[in-house]
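> sequence and computational prediction follow.
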Amino acid sequence: ESRGSPQQLAERYADLAASHSEALRQREEREWHNARLRQENARLRLENRRLRRENRCLFRQALLGPGPDKPPADPGEEAEVLRAQLGRLQEKHRRALRHLRRCRAAGGPEASAAEDGELDELLLEEDEQP
């Protein structure tokens, strides 16, 4: 039994060859695209590291203040900034203590004796302050 005429076999072979060529072309295209993505990924990783270093540096500068090469800030201005920061921190502290007091009054979860004593101390300090 014949599997087809020589012409049909030639057409099938040509189709297979064309499909194979297309598959190879697509594979090369994917490999090229993947190589581009790997390069871009490496570039972005380097950029990410650079930005992290820059962030750490800026954060350190913000925490430590001006360096020795920079002129000192106006002491009056710096004191005012620190006073405002202290006021904000004191307000946060007062709110936290009020919250703890409400939790205790509402019968919140039991704290250890040490934590309970520390909370009593903080609450007494807060009550004594004007």
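Okay, I see it.

> domain ranges for the protein?
What the TED database lists as the domains of the chain is 1-69, 71-129.

> quick check: mean pLDDT of the longest helix seen in the chain?
Ranked by residue count and defined by DSSP state H, the top helix of the chain is helix 6-64. The average pLDDT for helix 6-64 rounds to 94.

> hang on, the earlier thing: let's have the domains of the chain in JSON lines, adding mean neighbour count.
Where C-beta positions appear, they are placed from N, C-alpha and C, glycine not excepted. JSON lines is the format used below for these (neighbours: other C-beta atoms under 10 Å):
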{"stretch": "domain 1-69", "mean neighbour count": "10"}
{"stretch": "domain 71-129", "mean neighbour count": "11"}
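
> tell me the centre residue of this structure?
The centre of the chain sits closest to R52, judged by C-alpha atoms, centre = their mean, with a distance of 10.1 Å.

> how much space separates that residue from L63?
Separation of R52 from L63 (C-beta to C-beta, to the nearest Å): 16 Å.

> before we move on, what about R12?
74 Å.

> then L86?
16 Å.

> again, but for L44
28 Å.

> cool, and H20?
Counting by C-beta to C-beta - H20 and L63 are separated by 64 Å.

> element containing G87?
helix 75-105 (DSSP states H and E).

> which elements pack onto that helix?
On a contact count with 3 or more C-beta pairs under 8 Å, 6 or more residues apart in numbering; DSSP states H and E, helix 75-105 meets helix 113-128.

> mean confidence for the helix holding G87?
The model assigns helix 75-105 a mean pLDDT of 87.
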